[in-house]
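Chemist: Fold the following, please.
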Amino acid sequence: MTVTLKPKTTEAVPVVSLTVKATLKTIMDDIGNLPDEIMQDCQQQEIEIMGPFIFEYRGADGNPETQFDLEMALPVKEGLNYQGKYKYKTLAPIECVEQRFTGPLSQLEEKGYGPLMNAMQEQGFAIKDTCREVYTKWVEPESPENIIELQMAI
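Modeler: Predicted coordinates:
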């Protein structure tokens, strides 16, 4: 059964972020401990965290070898005088369709992106080269309790 996708526009979000080059094949190594380091940097500066990590993929095409930009962005309170080693900026809104994935990262492609991409094609949405993953609930990579909002730009 296909879910009817509804377009939405995300809000602009102030974030502390870092962008790295990655491939789908090497993504876990490319990310390493960087999300933890961003979080620790914000906590050390007593910056108020306003939401879960947002990972934005720019230029990923599904090929495991293709290099793309991966931005790891932690939403924070607006108007900071941030002095850390990462970038403070506003993550721009995107127009997207969204679908929730619950489960381990090893099933994200098969049970998350696969059904979302199929629904987008069936419903006539043009797929762009930007997507976001909002880590609403994160336990560990193989936890069945992870909740990730998949947002595909349209």
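Chemist: which residues touch T102?
Modeler: Residues touching T102, when contacts are defined by CB atoms under 8 Å, 6 or more residues apart in numbering, comprise 144-148. To be clear about C-beta, it is placed using only N, CA and C from the backbone, and glycine gets the same treatment.
Chemist: what about 7 Å?
Modeler: Taking CB atoms under 7 Å, 6 or more residues apart in numbering as the criterion, T102 is in contact with 146-147.
Chemist: distance of it from Q40?
Modeler: For T102, the distance to Q40 under the criterion CB to CB, to the nearest Å works out to 27 Å.
Chemist: Any buried residues in the longest strand along the chain, and which?
Modeler: Counting residues, the longest strand found in the chain (DSSP state E) is strand 13-22. By neighbour count with 16 or more other CB atoms under 10 Å, strand 13-22 contains the buried residues 13-18, 22.
Chemist: Now P35: which helix or strand?
Modeler: Here P35, judged by DSSP states H and E, is contained in helix 34-44.
Chemist: For N118, give me its contacts.
Modeler: So N118 contacts nothing (CB under 7 Å, 6+ apart).
Chemist: Over to it. Which of the three states is it?
Modeler: Of the three states, N118 takes helix according to DSSP: H, G, I helix; E, B strand; the rest coil.
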